[in-house]
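A.B. asks: Got a predicted structure plus its sequence, pasted below:
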Amino acid sequence: MNLQTHTTHRQLWIIGLIGMVLINGALWLSVRDVKSRWTNVPPVPSRISAAFSGLGDEQFAYRTIGLSVQNLGDTGGRVTNLAEYNYETLGKWMMLEHSFDPVSNFMPTLAGFLFGASNKSTDLKPIIDYMEIAGSVKAPQKWRWLAQAAFLAKHKMKDMNRALELANKLAAMDDPDMPIWTKQMPGFILNQQGEKQAALALMIQLLKTEGEKLNPTEINAIKGYICEQIFEPEEAKTHALCQDL
């Protein structure tokens, strides 16, 4: 190769390099303000299709999908407000997860304590519906998700009728390890609804049926609620139940 040919090749190489740098710079300038867009909660696949994400292993699929649900909207440098999520679709993802593993506490925890924290109370119905199902599983400690569903219905959605429905379902569960307050929840809600006689009847019945199983502190707590929250002050002064408090 003679000197002139070598010089020509060198010049072409330099021109090409400069061109590549210019093209790369122009491309960077044109896209530097472009960010990935979140198109909200993706559609829910069929159970069979979803199982492929775990190569046919349902437990692996449960964990893979669960992590994806946990981080929805918070990838690519974004932080998405919970109020922006499509809760109807989110609830369907939770039900899909429930079909893979109804006993795990991972998804109910996300439902109750992460997505349940949304200030847009109208969105919470699918979450509460899912937690009702998760809390009805016959396994130890699952009742707490039913209690959390009642809490969300009462305090977040302000839907006292739905809260009472869930509280009644919770109180009817046959689990000796459930604390006594789970039996009292319908009474709390009835009292807040102004149904004081119904609340009183429930609390009195509870003392009659459960009194022998309770320690004195729990019995006094029930009596204290009756005398301080259900009875009017004048009524409490004269009622026999309140005399030994």
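C.D. replies: Arrived safely. This one's a predicted model, so the numbers in the text were calculated from it and none came from an experiment. Residues are numbered from 1 along each chain as shown.
A.B. asks: So residue 121 is in contact with residue 162, correct?
C.D. replies: No - using Cβ atoms under 8 Å, residue 121 is not in contact with residue 162; the gap is 11.6 Å. For the C-beta atoms, the positions are set from N, CA and C on the backbone; glycine is no exception.
A.B. asks: For residue 105, which residues are in contact?
C.D. replies: residue 141 (Cβ atoms under 8 Å, 6 or more residues apart in numbering).
A.B. asks: So it versus residue 226, what's the distance?
C.D. replies: Distance of residue 105 to residue 226, given as Cβ to Cβ, to the nearest Å: 34 Å.
A.B. asks: coming back round to it: more neighbours: residue 121 and residue 162, which one.
C.D. replies: residue 162 (19 against 15; other Cβ atoms under 10 Å).
A.B. asks: Quick check, the more buried one in contact with residue 129.
C.D. replies: No - under the contact definition of Cβ under 8 Å, residue 162 does not touch residue 129, with a separation of 9.6 Å.
A.B. asks: tell me, what residue is most central in this structure?
C.D. replies: With distances taken as Cα atoms, centre = their mean, the residue of the chain nearest its centroid is residue 111 (1.5 Å).
A.B. asks: Look at that residue and tell me its secondary structure.
C.D. replies: Per DSSP: H, G, I helix; E, B strand; the rest coil, the local secondary structure of residue 111 is helix.
A.B. asks: How about the contacts made by it?
C.D. replies: For residue 111, the set of contacting residues under the criterion of Cβ under 8 Å, 6+ apart consists of 94, 127, 130-131, 134, 145.
A.B. asks: Show the pLDDT at it.
C.D. replies: Reading off the confidence values, residue 111 has pLDDT 94.
A.B. asks: Many thanks, have a good one.
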